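Engineer: coordinates for the following, if possible.
(one chain, ligands or ions: 2)
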Amino acid sequence: LTVLGIETSCDDTGVGIVKQDGTRGKIIGEQLFSQQNIHTRFGGIIPPIAKDHHRENIDRAVKTCIEKSQITMDEIDAVAVTNRPGLPMSLEIGLRYAKYLCRKFSKPLIPIHHMEAHALTARLGENIPFPYMCLLISGGHCQLVIVKGVDKFYLLGESIDDAPGEAFDKIARRLKLQNLPEFDGMSGGRAIEVAASQSEDPTKFDFPLPLARYRDCQFSFAGLKNNAQRLISKLEQENETRPDEVIPAYREFCRDFLGAIAKHIRHRLQRGIEYSLQEGLISKGDVRSLVVAGGVAANDFIFRSCSEVAKHFNFESFRAPKRLCADNGVMIAWNGIEKLISEPTFSANLEEVNVINKCSLGESLIDKVA
Ligand code: ATP
Ligand code: FE
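Structural biologist: Residues are numbered from 1 along each chain as shown. Ligands and ions are numbered 1, 2, ... in the order given. A predicted model of the protein is given here:
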């Protein structure tokens, strides 16, 4: 089986070609056009601008990817494309192109849920049997799920406000980190991770633990973000920093902010693991796995911190290679392969597949966890 995957749900135009290799996948081509720099300059993603870039890039991305793979469309069994959730204007560009390919080359179309694709990516390179726990931390989501099968998910908890990646991006921008040449071109989350790693002083800034009194698995990052913003304003005043200048203690600030986010995530993860073992959602037997996925999973500090909690409950932790944690076409192609393995004749009716901007993930157990 060989599947071509297209991802345009947000600001990256990603294409990937993956070939089935037993229970895993072999990447035979990948191409990514990122709009990171453009959106950092505008201070956030502006949907029509994101759409224009996708439209400009999609044809070149697909063609370059096929060229690099040294295969022809004849050898491709299906086209997988993200159709939910995401920015409608961006999704539309990828979906339209995927339909065009399916018509032109008579291929089946496989519509993909973006968060399901994130949750399954680590299985491309590693043997991770179902069911497993998955922490999805990205630019638009924070969800704790049990992955029971290729299209069977149980949602234990999610963010009631911001996503962690969003909090990192906003605080990095508020700190003006990316004005410093060494952080130029990095995502907000990556910039904060690098700055934090340069700090040597002990903890300086205190952040309260969100939702500390609740025994569910819900997340909240808006409070941490607001606290951070207030603190930055105070430090700017105290240090009389100029409008384009970064506060002197930015490294310590980043380390403590990152630490606070990691602590909150760890706290919820622990509750999720306890609940899942208690309810038998994850067997008490030998194989217990935690997959950390989404763009923020590339953060070593957060990944290690989650792995420590998981290890305490005998879980082994996994994540995809860093470049595959953030949005890419490979994860969409891999999800296509997984769907075809579980249902070989799967094909969607081209007329019936549309973009869906908001789309929950699996069956919600949120009320039960509380
Ligand atoms: P979603 O998947 O929820 O729709 P998205 O697709 O925009 O959102 P991803 O591409 O999965 O998000 O992840 C992008 C996010 O990951 C950005 O917010 C970015 O700051 C964050 N990120 C990337 N690298 C790191 C890192 N090393 N540490 C923390 N955050 C990171
Ligand atoms: Fe994503």
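
Engineer: what kind of secondary structure is the residue nearest to N83 when sequence neighbours are not counted in?
Structural biologist: Distance criterion CB to CB, 6 or more residues apart in numbering; nearest residue to N83, sequence neighbours excluded, is P111 at 4.2 Å. C-beta: built from backbone N, CA, C; applies to glycine. Taken by DSSP: H, G, I helix; E, B strand; the rest coil, the conformation at P111 corresponds to strand.

Engineer: so which bits of the chain are right by ligand 2?
Structural biologist: Residues of the chain found near ligand 2 (CB under 5 Å from the ion) are 138, 327.

Engineer: returning to what we had before: list the contacts of the residue nearest to N83.
Structural biologist: By CB atoms under 8 Å, 6 or more residues apart in numbering, the contact set of P111 is 80-84, 95, 348, 353.

Engineer: over to G86?
Structural biologist: 8-10, 114, 355, 357 are the contacts of G86 under CB under 8 Å, 6+ apart.

Engineer: ditto for T82
Structural biologist: T82 neighbours (CB under 8 Å, 6+ apart): 6-9, 91, 94-95, 111-114, 117, 332.

Engineer: tell me the angle the helix or strand hosting it makes with strand 109-113.
Structural biologist: Per DSSP states H and E: T82 is located in strand 78-84. Angle, strand 78-84 to strand 109-113, by axes from the mean of the first three to the mean of the last three CA atoms, to 10 degrees: 40 degrees.

Engineer: tell me the spacing between the spatially most central residue of the chain and D244.
Structural biologist: The centre of the chain sits closest to G294, judged by CA atoms, centre = their mean, with a distance of 2.1 Å. As judged by CB to CB, to the nearest Å, G294 and D244 stand 31 Å apart.

Engineer: cool, C254 as well?
Structural biologist: For C254, the distance to D244 equals 18 Å [CB to CB].

Engineer: also V309?
Structural biologist: Taking CB to CB as the measure, V309 falls 40 Å from D244.

Engineer: between the two, which is the more surrounded one?
Structural biologist: Regarding V309 and D244, a neighbour count based on other CB atoms under 10 Å identifies V309 as having more, with 19 against 7.

Engineer: please identify which helix or strand holds the more buried one.
Structural biologist: helix 300-312.

Engineer: ditto for I341
Structural biologist: Secondary structure from DSSP H and E places I341 in helix 330-342.

Engineer: list the buried residues in that helix.
Structural biologist: For helix 330-342, burial by neighbour count (16 or more other CB atoms under 10 Å) applies to 330-340.

Engineer: same list (these) but as TSV, adding distance to E56 and pLDDT.
Structural biologist: Output for those, formatted as TSV (distance: CB to CB, whole Å; pLDDT from 0 to 100):
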residue	distance to E56	pLDDT
V330	21	98
M331	23	98
I332	20	98
A333	22	98
W334	26	98
N335	26	98
G336	25	98
I337	29	98
E338	31	98
K339	30	98
L340	31	97
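
Engineer: now render these as a markdown table, adding distance to L177.
Structural biologist: Formatted as a markdown table, the buried residues of helix 330-342 follow (distance: CB to CB, whole Å):
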| residue | distance to L177 |
| --- | --- |
| V330 | 29 |
| M331 | 28 |
| I332 | 31 |
| A333 | 34 |
| W334 | 33 |
| N335 | 33 |
| G336 | 37 |
| I337 | 38 |
| E338 | 37 |
| K339 | 40 |
| L340 | 43 |
